[in-house]
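# return atomic coordinates for the entry below.
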Amino acid sequence: MKKEDVPDWVLSLELEEMEFVKKFIVSSGSLKELAKHYDVSYPTVRIRVDRIIQKIEVNEKIENEPFIAYIKQMAIEDRITIEDAKKIIEKYRLERGNNE
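Numbers count the residues shown, from 1 in each chain. This is a model prediction of the structure:
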């Protein structure tokens, strides 16, 4: 997979969160095993999983906004360059983040 093909929801995660997700997968999704690994309670692990889920959902919601979808479609159709699409989307996200 090329770096530019990495989904935005993955890029939105901190390195520590990515390590947590990796450990989650390696432990076959066992929250009990993760709790043992991190030496914390099951509810603590559950809270962490819930926070990561929320972060992913928020990022996907933003990605599915009509404006972002429109810009991506223009890039797919070669009406604008991928670089320009990325710049427009980033500018849109920055301005949106400052207004909310």
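
# could I get the host helix or strand of Lys36 in PDB with only the CA atoms?
Using DSSP states H and E, Lys36 sits within helix 31-38. Presented in PDB, the C-alpha positions along helix 31-38 are these (Å, rounded to 0.1, in the frame of the first residue of the first chain):
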ATOM      1  CA  LEU A  31     -10.100  -7.100  25.800                       C
ATOM      2  CA  LYS A  32      -9.200  -9.300  28.800                       C
ATOM      3  CA  GLU A  33      -5.800 -10.100  27.300                       C
ATOM      4  CA  LEU A  34      -5.200  -6.400  26.600                       C
ATOM      5  CA  ALA A  35      -6.100  -5.500  30.200                       C
ATOM      6  CA  LYS A  36      -3.500  -8.000  31.300                       C
ATOM      7  CA  HIS A  37      -0.900  -6.700  28.900                       C
ATOM      8  CA  TYR A  38      -1.400  -3.100  30.000                       C
END
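
# could you pull out the buried residues of it?
By 16 or more other CB atoms under 10 Å, the buried positions in helix 31-38 come out as Leu31, Leu34, Ala35. (C-beta placed from N, C-alpha, C; glycine too.)

# okay if I get the residues you listed as JSON lines plus distance to Val45 and pLDDT?
Formatted as JSON lines, the buried residues of helix 31-38 follow (distance: CB to CB, whole Å; pLDDT from 0 to 100):
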{"residue": "Leu31", "distance to Val45": "5", "pLDDT": "95"}
{"residue": "Leu34", "distance to Val45": "5", "pLDDT": "94"}
{"residue": "Ala35", "distance to Val45": "5", "pLDDT": "96"}
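
# before we move on, back to that, and the helix holding Lys36, what does it pack onto?
Using 3 or more CB pairs under 8 Å, 6 or more residues apart in numbering; DSSP states H and E as the contact criterion, the elements in contact with helix 31-38 are helix 15-26, helix 42-63.

# weakest of these by average pLDDT?
Mean pLDDT per stretch puts helix 42-63 lowest among the helices and strands packed on helix 31-38, at a mean of 88.
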